[in-house]
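A.B. asks: fold the stuff below for me.
(one chain, ligands or ions: 2)
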Amino acid sequence: MRDSQLNDTLVLHVLGARPNFVKAAPVISGLAELGVRQGLIHTGQHYDALMSDVFFVDLNLPEPLANLAVGSGTHAQQTATLLTGLEEVMLREQPGLVIVYGDVNSTLAAILVCAKLGIPTAHVEAGLRSFDRSMPEEVNRIVTDALADILFCTSPDALSHLAHEGVSPSKVHLVGNPMIDSLFSALPKLDPAPVQERLGLSGRYAVGTLHRPANVDDPASAKELVDAVLGVAEHVPVIVPLHPRGRQRLAEAGLVDGPALKIVEPLGYVDFLSLVRGAALVLTDSGGVQEETTMLGVPCLTIRPNTERPITVTHGTNRLVTPAQLPAAAAQALVDGASTPSEELPVLWDGKSGLRIARVVAAWLRGENLSPAARGTVG
Ligand code: UD1
Ligand code: UDP
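C.D. replies: Ligands and ions are numbered 1, 2, ... in the order given. Below you'll find the model as predicted:
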């Protein structure tokens, strides 16, 4: 092993939004274990303390080298500001490899900047597809995967999507799910009782998270969604740690505190997953929460017409529902109890994905030809 190569080259992680932090933490600790020189750039896409700072504490993330404070805006405004900000960062830091995560606008901007500057990139969570280009994330996924040099996949379906899109298999690695690594690490800290007590919950409850533009941006869709959540609240108390995106629209549509409905600020990572661990049911339109409920064995109703994470349906506890179907589906899920998750979690969702990714990155930094075994499933 020539460790100098791991020290000489800077590996830069570009993170911007809540789910990025959760996915990056195990990769950063895996690379640290192997002695790789690394740094983190926060784009500032998410900036509220409860959408950002709390994750740095809960996940023990290192201080960013820079925060670009891009803030909010239209897609074009946000992406354009990210492009110029990230270009400056790349020219200054001269990284040997940039790692991007998931499917947010910060991911898209970073991959574009690096592609134009000739900086090699790796994409964590490559190959997921909802086949719904009305989702901004789907556009980000397609562009990111077309440009990335190393692609890390969380599930076998992602491998076939990439093959179908003509991505060379030599760039692709099935490594499992780093978001599940973070969950494994947090598990000993996930105690529902204190957070239930703080939020005044006793007995059974459902947890809701809502933030997809298709659900919360349009007043008519927001109203349909809120009516559905109120329908669930007739069966079980519902607590919603509300993402800031939908705050105003959903309140206007009637999502307000009531006897069986509690609306709170977004929760920190450990508090949120503690609450989910103790829940009878989860209602969500989140990507990551579909995966976390699969691991925790909590029934999950995903209020979307499609999912880029079908493995959570075939292999987990997840079910897609329309708002109209939600109340009855919730009532049924409460009767069925802990649903019937598969005996085993999806392949390689074992808490070791961060280290697998780190090993591939270290081999790449050393200029090694990755073995055929490493190219398929990385053991
Ligand atoms: C973004 C991602 C989405 C991801 C989600 C995770 C894109 C296109 N979307 O959506 O894929 O699922 O993050 O949570 O990148 N806001 C605040 N405070 C914050 C951040 C946002 O108040 O700290 C509000 C602003 O009003 C902003 C809105 O939320 O306009 C949307 O934020 P933005 O980052 O653009 O998209 P998200 O909906 O958060
Ligand atoms: N999450 C959290 N607090 C909350 C809601 C979600 O810590 O109040 C965590 C959740 O456990 C998961 C991540 O945020 O790890 C998912 O982020 P989000 O749903 O915003 O994004 P998506 O996965 O849909 O892109």
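A.B. asks: please name the nearest non-neighbouring residue to whichever residue of the stretch 101-250 of the chain sits closest to ligand 2.
C.D. replies: Residue nearest to ligand 2 within the stretch 101-250 of the chain: Pro241 (3.5 Å; CB to the nearest ligand atom). All C-beta spots, glycine's among them, are computed from the backbone N, C-alpha and C. Residue nearest to Pro241 in three dimensions, not counting chain neighbours: Leu267, with 4.4 Å by CB to CB, 6 or more residues apart in numbering.
A.B. asks: quickly find the element holding the one you found.
C.D. replies: Under DSSP states H and E, no helix or strand contains Leu267.
A.B. asks: what separation do you get for the residue nearest to Glu252 when sequence neighbours are not counted and Arg249?
C.D. replies: Spatial nearest neighbour of Glu252, chain neighbours left out: Pro219 (6.9 Å); criterion: CB to CB, 6+ apart. Distance, Pro219 to Arg249, using CB to CB, to the nearest Å: 6 Å.
A.B. asks: contacting residues around the residue of the stretch 101-250 of the chain closest to ligand 2?
C.D. replies: 207, 209, 264-267, 272, 275 (CB atoms under 8 Å, 6 or more residues apart in numbering).
A.B. asks: what do you get if the cut-off is 6 Å, keeping everything else the same?
C.D. replies: 264, 266-267 (CB atoms under 6 Å, 6 or more residues apart in numbering).
A.B. asks: select only the buried ones of those residues in ChimeraX?
C.D. replies: Of the contacts of Pro241, the buried ones go into a single ChimeraX selection, burial set by 16 or more other CB atoms under 10 Å:
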select :266,267
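A.B. asks: relative to ligand 1, which of the contacts of Pro241 is nearest.
C.D. replies: Pro266 (8.6 Å).
A.B. asks: would you map the helices across the stretch 251-379 of the chain?
C.D. replies: Under the criterion DSSP state H, counting those that start in this stretch, the stretch 251-379 of the chain carries helices at the ranges 269-277, 288-296, 311-314, 326-336, 353-365, 372-375.
A.B. asks: now check the first one, is it near ligand 1?
C.D. replies: Spelled out, that is helix 269-277. No. If you take CB under 6 Å from any ligand atom as the test, helix 269-277 misses ligand 1, and the best it gets is 11.9 Å.
A.B. asks: ok now that helix, how far from the chain's centre?
C.D. replies: Its chain's C-alpha centre and that of helix 269-277 lie 15 Å apart, by CA atoms, centre = their mean, to the nearest Å.
A.B. asks: could I get the phi/psi values of Thr9?
C.D. replies: Main-chain torsions, Thr9, degrees, to the nearest 10: phi -100, psi 130.
A.B. asks: per-residue confidence at the residue of the stretch 101-250 of the chain closest to ligand 2?
C.D. replies: Confidence at Pro241, expressed as pLDDT, is 98.
A.B. asks: beta partners of it?
C.D. replies: Taking DSSP bridges, one finds Val264 as the beta-bridge partners of Pro241.
A.B. asks: can you tell me which residues in the stretch 201-350 of the chain are near ligand 2?
C.D. replies: Going by CB under 6 Å from any ligand atom, the residues of the stretch 201-350 of the chain near ligand 2 are 209, 211, 241, 243, 266-267, 269, 272-273, 286-289, 292.
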